Structures are given as C-alpha cells and as structure tokens.
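model the following, please.
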Amino acid sequence: MNAALVFTAGARPELSIIIVSWNVRELLRACLRSVEAGRGGLEVEVIVVDGGSTDGSPEMVQSEFPWVRLMARPENVGFPRGNNIGLREAGGRYLLLLNPDTEIMGDALITLCRFLEENPDVGLVGPQLVNPDGTAQSSRRRFPTLATAVFESTWLQPWAPAGLLRRYYAQDLPDEATADVDWLMGACLMVRREVVEQVGLMDEAYFMYSEELDWCRRIKMAGWRVVYRPAARVLHHQGKSSDQVVTARHIYFQQAKLRYFRKYHGRAAALFLRLFLLFSYGWQLGLEAAKGVLGHKRPLRWQRVEAYWQVIRSGLRPAGY
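Numbers count the residues shown, from 1 in each chain. Have a look, this model is predicted:
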C-alpha cells in the first residue's frame, strides 16, 4: 500500500527541498550551503529529516542553518520513509528529493523548476549528476527486465549479452541531451505536487534502493513523462551513507530488487530471481573461502565470506511480502 499524502495548510513556497540524512555531517553541511547559494530568486523551504545520526548532524543543522526545518528521528528510518515524512510536511508547488551527498551547481534549481513550468505533461525531472572530476554519472535508466536483473550487479555482469545493459543504462542517449526516460536515480528528483497527490508517496516497504524505480514507474503508469534534463547539473558523491553498512547494503539492494519484480512481474519471476541470487551468493562465498584458504588476501576474503553468509542467512525475502 502507498501512504496517503496530506499537506499542511498555509502559504506555499515555490519549491520544497527534502533531504534525508544519516551520519554524513560534512556532506550535509556542503549540501545545505550549495542550496543556499543556488536558490536564486526562488522561494524555497528546506526540510532535513535526520535518521538518528550520532555524528552531530542535527546539532550542526540547528546551529549553522536556522532557516532549515529539522525533523530529527531517533532511528534510521530509511530513504523512502524519510522522504515521505518530509513530503507530508512540505508546502511547495514543486517538491525536490535531494541526497545529502549532493551539491547544487549553478542555477540547477531554477532550471528544473522552469522546465516543469514550461512542460505541463512532465511529472518528474532530474538533472545531470556529475562526479567530483566533472564527468557525467550514469543516472538514466529504462525499466529492468528479468534478464537485466540476472546480469546487472551480479557476478554474471561481465558476461551480459551485447546490448542488454547498454539499453538498461540508456547508453544510447547522449549525456548532454534532454531525454524522456523510464526512471532516474534518486539523488536529485523534482516532482510536481499534483503528481504526488495522484500517485501517492514512496513505497516504504523499500528501505533503500529501487524506491525511485518504483515511484517513477507509478508516475509513468499515471500518464506523466519522466525527463532527464542535463542543463541542470548536480554534483554527487556516491553512496556515502550506504558505505557505512556494507553487508546490509547487499541485503537491502537485493531485497528491493526482489520486491520490485514481485510487485510488477509476479510471484514466479520473483521466486526464480531469489533462488538465482541465493545461488550466486553461495557460489561467491565458496570462491572467496577457497582463495582465503590458499592465502590470497586472507583478511579481505574472510570479510567477504562473512558478508555473503549474512546475505544467505537473510533468505533475501522480498520486503513487504
């Protein structure tokens, strides 16, 4: 079930920015500074949902950014639930989900807002995400097929059929061209208020990963366009929150993938994929253990064996089923 959306009453700013943060204080500080510098003439409200950070993030926000609305939670609520908490309180005409490991570049906020104004059939738009060295990140996607799921982010990826992952990663689309896509990576997504009112909030059964895929699919199913707009650029330091929980990241990633396939492709597809993934982790565990016994980078091998064993023990049951 998708949570209902109820907005608070009162004057509405043009743009509400929701940032879900967990133990990335310095990155969050840089993100908020970039928002302050990049808002231009926009009337903006910023909501930071902190998920039980222990690194001083809430205190930093309160002392250095008093104009930010801080919603501190005692535990890590996860990405979709954290965004939903912010979305329920947001008053903006447009709603921006922004990762704390991003920095707004130039007039990206204005560019995205104006694009939605000028294209009323576009429900969601995202910028070009760039690495610290200025190169473009892969952030555009087409909807995955079962074949995609078998090869993408598994040990079989190097042997994927020619064109399969190229199509999934939309590598046929030029980095600098505005393009309609199926979905966009969730580091920076701007959506219309009326779209969220129509399709609902993010699916909280995803803790992290695939929630933006699910959301974009629902948005497109409702008849809206999803667009990649590279005229807006946002710096993205990838994966800094999830780097703190490597084993859990494996579990969350695969459970999210399985939930998506169970939800949109059916029980049989999800069961096949789950059995394949469990077999894959078992194979990798055996391979790492053998390398460890032979004395090749033993600390690394045993660390991976433990991580893969924890994944197998979890059973990789799709979240919410």
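
quick one: contacts for the residue lying closest to residue 97 once chain neighbours are set aside?
Closest residue to residue 97 apart from its sequence neighbours, by Cβ to Cβ, 6 or more residues apart in numbering: residue 189 at 4.7 Å. Bear in mind the C-beta positions are built from the backbone N, C-alpha and C, glycine included. By Cβ atoms under 8 Å, 6 or more residues apart in numbering, residue 189 lies in contact with 96, 97, 124, 125, 126, 212.

nearest to residue 308, of these?
residue 212 (26.6 Å; Cβ to Cβ).

distance of the closest one from residue 164?
Using Cβ to Cβ, to the nearest Å, we find residue 212 at a distance of 21 Å from residue 164.

the two: who's more crowded?
residue 212 (23 against 16; other Cβ atoms under 10 Å).

low-scoring stretches of the stretch 51-200 of the chain, by residue?
Scanning the stretch 51-200 of the chain for pLDDT under 70 picks out no residues.

mind checking how far residue 48 is from residue 171?
From residue 48 to residue 171 the distance is 34 Å (Cβ to Cβ).

and these two? which has more neighbours close in?
residue 48 (26 against 13).

got a list of what the nearest residue to residue 315 once chain neighbours are set aside touches?
Nearest in space to residue 315, with sequence neighbours left out and distances taken as Cβ to Cβ, 6+ apart, is residue 278 at 7.7 Å. The neighbours of residue 278, taking Cβ under 8 Å, 6+ apart as the test, are 312, 315, 316.

for residue 41, same thing?
residue 110.

one more: the one 10 residues further on?
Under the criterion of Cβ under 8 Å, 6+ apart, the contact list for residue 51 reads 20, 21, 22, 73, 75, 76, 77, 78, 82.

tell me which of those residues fall in helices.
If you go by DSSP state H, those have residue 82 in helices.

any chance of TSV for the contacts of residue 51, columns distance to residue 264?
Converted to TSV, those look like this (distance: Cβ to Cβ, whole Å):
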residue	distance to residue 264
20	24
21	30
22	28
73	30
75	29
76	27
77	25
78	21
82	24
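
derive a ChimeraX selection command for the buried subset of the contacts of residue 51.
Only the buried entries of the contacts of residue 51 go into this ChimeraX selection, using 16 or more other Cβ atoms under 10 Å:
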select :20,21,22,73,76,77,78,82
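
which among the contacts of residue 51 gets closest to residue 177?
Relative to residue 177, and with distances defined as Cβ to Cβ, the nearest of the contacts of residue 51 is residue 20, at 30.0 Å.
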